[in-house]
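Here is a sequence with its predicted model. Questions after.
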Amino acid sequence: MAPRVRYDDLTTDEVQVFTLDCLRRGDSCEVLGIGDEMARITALRFGMSEGAHVSCVTKIPAGPIVVRSGRQEIAIGRNLAKRITVRSVAAKES
């Protein structure tokens, strides 16, 4: 797996891999991995697993990140979002 790269430090030539908590409103991504077993179980309860395509609906200051996965919107806490590794995808790919 590619090393973790902070979203703010990316350039167009780098692989855009970061954690879900770095998403901005309107960004789309694909889930690459979920950090540990408890985080994986929690994400699966939300219907999110590796390979899922999600997009950021909104990011509540000091609160959860609301993402759309399929036809549902999910509020994911920052602690869980920090354990989910994603890669950026163009909106038409998702």
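The structure has been received and is ready for your questions.

now what about the worst-scoring helix or strand of the chain on mean pLDDT, what contacts it?
Within the chain, confidence by mean pLDDT, DSSP states H and E is lowest for helix 37-45 among all helices and strands, at a mean of 90. If you take CB atoms under 8 Å, 6 or more residues apart in numbering as the criterion, helix 37-45 is touched by 31, 34, 49, 80, 83, 84. C-beta here means a position set from N, CA and C on the backbone, and glycine is covered the same way.

Equivalent analysis for stretch 23-30, please.
Here stretch 23-30 has contacts from 7, 20, 51-59, 65, 67, 81, 86-91, 93-94, using CB under 8 Å, 6+ apart.

try it again with 6 Å
Residues outside stretch 23-30 that contact it (CB atoms under 6 Å, 6 or more residues apart in numbering) are 53, 55, 56, 58, 86, 87, 88, 89, 91, 94.

Narrow those residues to just the buried residues.
53, 55, 56, 86, 88, 89 (16 or more other CB atoms under 10 Å).

for the host helix or strand of the third one, packing partners?
To tie it back to what came earlier, the one meant is residue 56. Following DSSP states H and E, one finds residue 56 within strand 53-59. Counting contacts by 3 or more CB pairs under 6 Å, 6 or more residues apart in numbering; DSSP states H and E, strand 53-59 is packed against strand 65-69.

Sort out which residues of the strand it packs on are buried, please.
65, 67, 69.

And the helix or strand just after that strand, what does it pack against?
As assigned by DSSP H and E, the chain's next helix or strand after strand 65-69 is strand 72-76. Counting contacts by 3+ CB pairs under 6 Å, 6+ apart, strand 72-76 is packed against strand 65-69.

so what strands line up beside the strand it packs on?
According to DSSP bridges, strand 65-69 forms sheet pairs with strand 53-59 (antiparallel), strand 72-76 (antiparallel).

could I get those strands as a markdown table with distance to residue 41 and mean pLDDT?
Formatted as a markdown table, these follow (distance: least, CB to CB, whole Å; pLDDT from 0 to 100):
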| stretch | distance to residue 41 | mean pLDDT |
| --- | --- | --- |
| strand 53-59 | 18 | 95 |
| strand 72-76 | 14 | 93 |
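
Thanks again, I'm all set now.
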